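K.L.:
How does the following fold in three dimensions:
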Amino acid sequence: MIERLPSNRPPERFYRGGAQISSFRGEASDAAFEPEDWIGSTTTIFGEQGLGLTRLADGRLLRDAVTADPGYWLGSDHAARWGADVRLLVKLLDAGQRLPVHAHPDDAFAAEHLGHRHGKAEAWYILTGGTVHLGLVRSVGDDELAALVEAQDVDALLGLLHQVDVAPGDVVFVPPGVLHAIGEGVLLLELQQPEDLSILLEWRDFALDGTADGHLGLGFGVALTAVDRTALPREALGGLVRPSPPSGSAFPSGADAFFRLERRPVDGPARLDPGFAVLVVSDGPVTLSGREAPRGSTWLVPAGEGPLDLDGTGELLVARPPAP
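P.N.:
This next block holds a predicted model:
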């Protein structure tokens, strides 16, 4: 059956945030360093054994439940192609301070250097607007980038990136390797490949030791080779940042190979197509197979449950893995 998911907010992260998640979800929490809610997660925080994983109401880890019956959870076509690999991680992220300039490796780098199945493409659906930083305004040489990281020249690093204002309903696709940072005050829903792999180029004002933890244990000489150092022309930003349509597929088409997000307005009785999904109620309440789903609630839908009956007035954000 479908399952309502409580918050899954790893504590004591290295950047501030969390109040906007509490407000969106209607929860009472004043934790200052819980800026992420890992929703329907079969992924752990990098270097951890269990932190980040979703636990179901019956006590099982979602990861173990999917491994035991991938056909039920993910659908027969997905399971035939990818087995028990969910190929999706969904988060709410509240940037209580600007995040550091960073990038994520692609599949090939993650496999060669880390032995991981995936790199980390990601995309954002903006819930509360602000400023994001994305892509290089000019190409940067290896030596220059390494020197900026070593010097922790934060102003220069941030100045290398395009600054883009985003509003609620906008979407941003961040391919692997592309440098980016999320500005203070932004609340977003993030879909990503199911890995926690970040290469941090700055850490001066954050609660972490970047010299030890910023390079995935590889050293910056290796880690920075995963960063795309070529310029992203301003006119090309339109392929990565745009308003989403009011209904249907939300992300730019380049994200389809990694994950999918659908905006689904609800206005009276309707049905949601079958398939594994993580649902976020962005406006409500609505009902899901007769169960009341208030704004800010999150839900897990196994493929084996078939179509989902919807009713009420509101909106769902429907996150799914790539089509098999």
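K.L.:
Now the worst-scoring helix or strand of the chain on mean pLDDT - C-alpha only, PDB.
P.N.:
Within the chain, confidence by mean pLDDT, DSSP states H and E is lowest for helix 210-213 among all helices and strands, at a mean of 94. The C-alpha trace of helix 210-213 is given here as PDB (Å, rounded to 0.1, in the frame of the first residue of the first chain):
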ATOM      1  CA  GLY A 210      37.400  20.800   3.400                       C
ATOM      2  CA  THR A 211      41.100  19.900   3.200                       C
ATOM      3  CA  ALA A 212      40.200  16.500   4.600                       C
ATOM      4  CA  ASP A 213      36.600  16.000   3.500                       C
END
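K.L.:
how close does Leu62 sit to Pro269?
P.N.:
Per C-beta to C-beta, to the nearest Å, Leu62 is found 29 Å from Pro269. Every residue, glycine included, has its C-beta placed from N, CA and C.
K.L.:
List the buried residues of the least confident helix or strand of the chain.
P.N.:
Of the residues in helix 210-213, Gly210 count as buried by neighbour count, 16 or more other C-beta atoms under 10 Å.
K.L.:
Distance from the chain centre to that helix, please.
P.N.:
In terms of C-alpha atoms, centre = their mean, to the nearest Å, the centre of helix 210-213 is found 23 Å from the chain centre.
K.L.:
same thing with stretch 285-305?
P.N.:
20 Å.
K.L.:
before we move on, what about stretch 243-252?
P.N.:
Worked out by C-alpha atoms, centre = their mean, stretch 243-252 lies 16 Å from the chain centre.
K.L.:
C-alpha coordinates for it, CSV please?
P.N.:
Written as CSV, here are the backbone C-alpha positions of stretch 243-252 (Å, rounded to 0.1, in the frame of the first residue of the first chain):
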residue,chain,number,x,y,z
PRO,A,243,9.9,28.0,-15.6
SER,A,244,8.1,24.6,-15.4
PRO,A,245,4.8,24.1,-17.2
PRO,A,246,1.7,24.1,-15.0
SER,A,247,1.2,20.4,-15.6
GLY,A,248,3.1,17.5,-17.0
SER,A,249,6.9,16.9,-17.3
ALA,A,250,8.7,19.6,-15.3
PHE,A,251,12.4,19.2,-16.0
PRO,A,252,14.4,20.0,-19.1
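K.L.:
who touches that stretch?
P.N.:
123, 125, 167, 169-171, 173, 191, 239-240, 242, 256, 259-265, 317 (C-beta atoms under 8 Å, 6 or more residues apart in numbering).
K.L.:
Then stretch 111-122?
P.N.:
85, 87, 104-110, 173-176, 190-198, 216, 218, 222, 255, 258-259.
K.L.:
Just the buried residues of those.
P.N.:
85, 87, 104-107, 109-110, 173-176, 190-198, 216, 218, 255, 258-259.
K.L.:
the helices in the stretch 151-300 of the chain, which residues?
P.N.:
Using DSSP state H, counting those that start in this stretch, the helices of the stretch 151-300 of the chain run over 154-159, 210-213, 220-223.
K.L.:
Pull the number of nearby residues for the closest residue to Leu5 other than its chain neighbours.
P.N.:
Spatial nearest neighbour of Leu5, excluding adjacent residues (C-beta to C-beta, 6 or more residues apart in numbering): Thr298 at 4.7 Å. Thr298: 25 surrounding residues under other C-beta atoms under 10 Å.
K.L.:
Next: Leu74.
P.N.:
Neighbours of Leu74 (other C-beta under 10 Å): 27.
K.L.:
can you check the one 3 residues further on too?
P.N.:
Taking other C-beta under 10 Å as the criterion, the count of residues near Asp77 is 13.
K.L.:
helices or strands next to the helix or strand hosting it in the packing?
P.N.:
Secondary structure from DSSP states H and E places Asp77 in helix 76-82. In this structure, helix 76-82 makes packing contacts with helix 70-74, judged by 3 or more C-beta pairs under 8 Å, 6 or more residues apart in numbering; DSSP states H and E.
K.L.:
change it to 7 Å
P.N.:
With contacts defined as 3 or more C-beta pairs under 7 Å, 6 or more residues apart in numbering; DSSP states H and E, helix 76-82 has no packing partner among the helices and strands.
K.L.:
That one: which residues count as buried?
P.N.:
Buried positions in helix 76-82, judged by neighbour count with 16+ other C-beta under 10 Å: His78, Ala79, Trp82.
K.L.:
Between those residues, which sits nearest Leu308?
P.N.:
Closest approach between these and Leu308, by C-beta to C-beta: His78, at 17.2 Å.
K.L.:
The closest one: what's it in contact with?
P.N.:
Going by C-beta atoms under 7 Å, 6 or more residues apart in numbering, His78 touches Phe276, Pro321, Pro324.
K.L.:
Give me the three-state assignment for the closest residue to Arg229 other than its chain neighbours.
P.N.:
Leaving aside its sequence neighbours, Arg229 sits nearest to Val140 (C-beta to C-beta, 6+ apart; 4.8 Å). Secondary structure state of Val140, per DSSP: H, G, I helix; E, B strand; the rest coil, is coil.
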